[in-house]
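Enquirer: sequence and predicted structure are below.
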Amino acid sequence: MAAIDVVGAHWSTDDLAGLTVVVTGGTRGVGRGIVEAYLAVGCSVYVGSRNAPSEEDRPSVQRLDGSTAQATYMAVDVRDAEQIGWLVELAVGDTGRLDVWINNAGGAPSADAATASPRFSQSIINLNLMAALFGATAANTVMQTQESGGLIINIASVSGLRPSPLTAAYGAAKAGLMNLTESLAAEWGPKVRVNGIAAGMLDTGAASDHFGGDEGVSRIAATVPLNRLGTPHDIAGVCLLLSSPLASYISGANLVVHGGGEWPAFHHAMKA
């Protein structure tokens, strides 16, 4: 495996092999990309989602050593603390440890805040904030007992850093998730590191439908300084970095991964 020295610290992808990793909502999009990345470097990966995929839909990943691997799936409602406990028990029961927990499950359909029902808004908050708190708490309980501690990663969004029209409850939940990241890192250190990733606009395979076809995707990508949308593997790469010894002093951080952000709207108005 490739190895590098950073200020005298020898590190290679071998250092991630054998870790037990749990990913919520890991069946498609960003979650699937994260699952594939950890499998590739030799981790034991467990996935909790509302519906476990069929065998045909489960990715089979070629690891760096040439072998192939698949994740283990469990159908759970991540908004239910008891069911989150079942997922923890599965991973720890199989491997005897829990090294990385990734709160990835989330999302929201568009809805006008003025007409959205209270039940709808509550469900968005529960999925994007409360589920992450339940997952992090369950993971921390195990990690605090381990000599090696552990890492919790919360997948947030730039929607929590700026206005989020038509997804107001989602943006508010993601803002809360970033604050939660900082608070839990303060409470649970030094054994457990807690970090967040504020993801920008991503192409998760359905961007063309969401942004109005390929032409729409091109127009949206042009508003990003790197001139493209992000990919699930862009987010997965940051997760691997945070899991490595290179990030051993990073905790309580919300890393913004958005390709440089978005051009301010007034720039486009000036050109119109």
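Expert: Sure, I can see it. Numbering: from 1, shown residues only.

Enquirer: going by C-alpha atoms from here, please, whenever you check contacts or count neighbours.
Expert: OK.

Enquirer: report pLDDT for residue 7.
Expert: We have a pLDDT of 57 for residue 7.

Enquirer: where do the strands sit along this structure?
Expert: 3-6, 9-12, 20-24, 44-49, 61-62, 68-69, 72-75, 100-103, 150-157, 192-199, 254-257 (DSSP state E).

Enquirer: which strands and helices sit next to the last one?
Expert: Applying 3 or more C-alpha pairs under 8 Å, 6 or more residues apart in numbering; DSSP states H and E, one finds that strand 254-257 makes contact with strand 192-199.

Enquirer: packing partners for the strand it packs on?
Expert: If contacts are counted by 3+ C-alpha pairs under 8 Å, 6+ apart, strand 192-199 sits against strand 150-157, helix 168-188, strand 254-257.

Enquirer: JSON lines for these, including mean neighbour count and distance to residue 78?
Expert: As requested, these are arranged in JSON lines below (neighbours: other C-alpha atoms under 10 Å; distance: least, C-alpha to C-alpha, whole Å):
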{"stretch": "strand 150-157", "mean neighbour count": "28", "distance to residue 78": "14"}
{"stretch": "helix 168-188", "mean neighbour count": "21", "distance to residue 78": "15"}
{"stretch": "strand 254-257", "mean neighbour count": "19", "distance to residue 78": "22"}
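
Enquirer: hmm, back to that, including distance to residue 113, could the strands of the chain go into CSV?
Expert: Putting the strands of the chain into CSV (distance: least, C-alpha to C-alpha, whole Å) gives the following:
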stretch, distance to residue 113
strand 3-6, 49
strand 9-12, 48
strand 20-24, 27
strand 44-49, 27
strand 61-62, 41
strand 68-69, 43
strand 72-75, 31
strand 100-103, 25
strand 150-157, 19
strand 192-199, 23
strand 254-257, 26
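
Enquirer: how close does residue 58 sit to residue 73?
Expert: Distance of residue 58 to residue 73, given as C-alpha to C-alpha, to the nearest Å: 9 Å.

Enquirer: more crowded one of those two?
Expert: Ranked by neighbour count (other C-alpha atoms under 10 Å), residue 58 and residue 73 place residue 73 first, with 23 against 16.

Enquirer: per-residue confidence for that one?
Expert: Residue 73 is assigned 95 on the pLDDT scale.

Enquirer: give the bridge partners for it, please.
Expert: residue 47 (DSSP bridges).

Enquirer: what do you get for residue 157?
Expert: residue 199.

Enquirer: run through the residues that contact it.
Expert: By C-alpha atoms under 8 Å, 6 or more residues apart in numbering, the contact set of residue 157 is 171, 174, 197, 198, 199, 200.

Enquirer: show me the shaky parts of the protein.
Expert: 1-10, 206-210, 272 (pLDDT under 70).

Enquirer: mind redoing it with 90?
Expert: The chain contains residues with pLDDT under 90 at 1-15, 26, 51-60, 62-67, 203-220, 262-272.

Enquirer: all helices for it, in order.
Expert: Secondary structure of the chain (DSSP state H): helices at 29-40, 81-95, 118-125, 131-143, 168-188, 207-210, 213-221, 232-243, 265-271.

Enquirer: just to revisit the earlier point, biggest separation within the contacts of residue 157, which pair?
Expert: Across the contacts of residue 157, the longest distance by C-alpha to C-alpha is 14.1 Å; it joins 171 and 197.
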